[in-house]
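> My questions concern the predicted model and sequence given below.
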Amino acid sequence: EAGVAQSPRYKIIEKRQSVAFWCNPISGHATLYWYQQILGQGPKLLIQFQNNGVVDDSQLPKDRFSAERLKGVDSTLKIQPAKLEDSAVYLCASSPHGQTSSYEQYFGPGTRLTVT
Amino acid sequence: AQSVTQLGSHVSVSEGALVLLRCNYSSSVPPYLFWYVQYPNQGLQLLLKYTTGATLVKGINGFEAEFKKSETSFHLTKPSAHMSDAAEYLCSVIDRDTGKLIFGQGTTLQVKP
């Protein structure tokens, strides 16, 4: 089966610019996650969707970050305006959690964002 | 709140030597535990997981980990390191109520020829 797809793989922008990332989860996976991984740290959950509803966005900086999952499939994560500290790898993951008892998450390759 | 601590941000071993990456967790209920590997410029790949049952878990690429409840540990081992094992290794625990995955800070494994 196809894995989690993300695009773009790399993005360089200047501070105060906007950027958007796209994620296509594994077919049939109800749950989708966006993580931020800053260099030298483990991934930190930004937002979790169950189908097209938000389950947890407590760690999402809502003044500049937004995310949506229309129709419960693809998702986009947007940063507007970007700050230097947003430089990180943004990982998307999906899970059948909600449909089965498995809690395994499947990760995409990530988008490496550099803010200059 | 659940948390994960990985001892040692960098571990260096010689090719053929034992690999031991340490992970301790805090959890008020029996945890689900995972080890992920992250190769440069790639996403996370699941190495192995513990949910229930046998406490010694075998994963891909010759890795295994043992769940020790009394020590709240889930250390990752491999008898003989290979150059291709050089990567970032992430230990994680899951909140069974929310499905939220909590990661440690990661350990970079370097394998010397």
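Perfect, I can see it now.

> can I assume residue B:29 sits in a helix?
No - using DSSP: H, G, I helix; E, B strand; the rest coil, the assignment for residue B:29 is coil, not a helix.

> Look up which residues are beta-bridged to residue 19.
Reading this off chain A. On the basis of DSSP bridges, residue A:19 takes part in beta bridges with residue A:79.

> actually it's chain B I care about, not the one you picked
Applying DSSP bridges to residue B:19 yields these beta-bridge partners: residue B:78.

> Now do it: how many residues are near it, please.
Residues lying near residue B:19 (other C-beta atoms under 10 Å in any protein chain shown) number 19. Any C-beta I mention is one placed from the backbone N, CA and C, and that applies to glycine too.

> and whichever strand or helix holds residue B:37, which residues are buried?
Element membership for residue B:37, per DSSP states H and E: strand B:32-38. Buried residues in strand B:32-38, defined by neighbour count with 16 or more other C-beta atoms under 10 Å in any protein chain shown: B:32-38.

> Run me through the strand neighbours of that strand, direction for each.
strand B:44-50 (antiparallel), strand B:87-94 (antiparallel).

> Buried ones in the longest one, by neighbour count?
Applying a neighbour-count criterion of 16+ other C-beta under 10 Å, one finds B:87-94 buried in strand B:87-94.

> any idea which helix or strand comes after that strand?
strand B:101-103.

> after that next one comes which helix or strand?
strand B:107-112.

> Enumerate residues external to that next one that contact any of its residues.
The contact list for strand B:107-112 (C-beta atoms under 8 Å, 6 or more residues apart in numbering or on different chains) reads B:6, B:8-15, B:19, B:21-22, B:81-83, B:85-90.

> Next one: residue B:96, what pLDDT does it get?
pLDDT recorded at residue B:96 is 68.

> no wait, residue B:103
Residue B:103 is assigned a predicted lDDT (pLDDT) of 93.

> Let me see the contact set for it.
Listed by C-beta under 8 Å, 6+ apart, the contact partners of residue B:103 are A:42-44, B:4, B:90-92.

> Recalculate using a threshold of 7 Å.
By C-beta atoms under 7 Å, 6 or more residues apart in numbering or on different chains, the residues touching residue B:103 are A:42-43, B:4, B:90, B:92.

> In the residues you listed, find the pair that's most separated.
Farthest-apart pair in those is A:43 and B:4; separation 11.5 Å (C-beta to C-beta).

> for the most centrally placed residue in chain A, phi and psi?
For chain A, the residue nearest the mean C-alpha position is residue A:34 (2.7 Å; C-alpha atoms, centre = their mean). The phi/psi pair for residue A:34 (degrees, to the nearest 10) reads phi -120, psi 130.

> Just the buried residues of the contacts of strand B:107-112.
By 16+ other C-beta under 10 Å, those give B:6, B:11, B:13, B:19, B:21-22, B:81, B:85-90 as buried.

> want to try CSV for those, with pLDDT as columns?
Converted to CSV, these look like this (pLDDT from 0 to 100):
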residue, pLDDT
B:6, 96
B:11, 97
B:13, 97
B:19, 98
B:21, 98
B:22, 97
B:81, 97
B:85, 96
B:86, 96
B:87, 96
B:88, 95
B:89, 97
B:90, 96
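
> Nearest to chain A, out of the residues you listed: which one, please.
Nearest to chain A out of the buried ones among the contacts of strand B:107-112 is residue B:90 (C-beta to the nearest C-beta; 5.6 Å).
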